[in-house]
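A.B. asks: Okay, predicted coordinates and the sequence, questions at the end:
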Amino acid sequence: MVLEVGLAAVIAGARSLVAIGEWIAHQPATLLAQLGVTGGAGSEESTIRRVFAAVDSDTLDQFLGAFMWTRSHISNARRVIALDGKTVRGARSKSPRARVS
């Protein structure tokens with residue numbers, strides 16, 4: 001749970017363990033519940049530090065790499081990962097001049 005919330009905080013712009021804790025403390029309970037947090041658990045910087053220190057970085061790297069591989073596809077003979085969501089939503093055109101909104 002702490003890793004998921006930490007990842008969400010980093011995606012939102014947090015750049016330190018303190019910033020991750022602050023991001024968690026400022027989120028609505030409904031969002032935190034969707035991420036698996038109940039009762040404000042895991043928002044203390046010391047908790048975040050302990051959890052992150054216990055993570056095996058090689059295992060995390062393998063897991064994230066495998067996850068990203070499942071999200072990639074081949075486009076114009078290159079393996080790509082859509083980051084903006086347009087590919088996921090199907091909002092792309094075969095015509096190079098067509099605008100995608």
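C.D. replies: Cool, got the structure. All values derive from a computational prediction rather than experimental measurement. Numbering: from 1, shown residues only.

A.B. asks: residues contacting His26?
C.D. replies: For His26, no contacting residues are found, by Cβ atoms under 8 Å, 6 or more residues apart in numbering. C-beta: built from backbone N, CA, C; applies to glycine.

A.B. asks: Where does the prediction get shaky in this structure?
C.D. replies: Judged by pLDDT under 70, the chain has its weakly predicted residues at 39-43, 83-101.

A.B. asks: One more pass at 90, please.
C.D. replies: Residues of the chain meeting the criterion pLDDT under 90: 1-8, 11, 21, 24-25, 29-49, 51-52, 60, 63-65, 67-101.

A.B. asks: Skip ahead from the lengthiest helix in it and say which helix or strand is next.
C.D. replies: When the chain is scanned for its longest helix (criterion: DSSP state H), the result is helix 57-70. The first helix or strand that comes after helix 57-70 along the chain, using DSSP states H and E, is strand 72-75.

A.B. asks: ok, Leu7 - how many residues close by?
C.D. replies: Leu7 has 14 neighbours, counted by other Cβ atoms under 10 Å.
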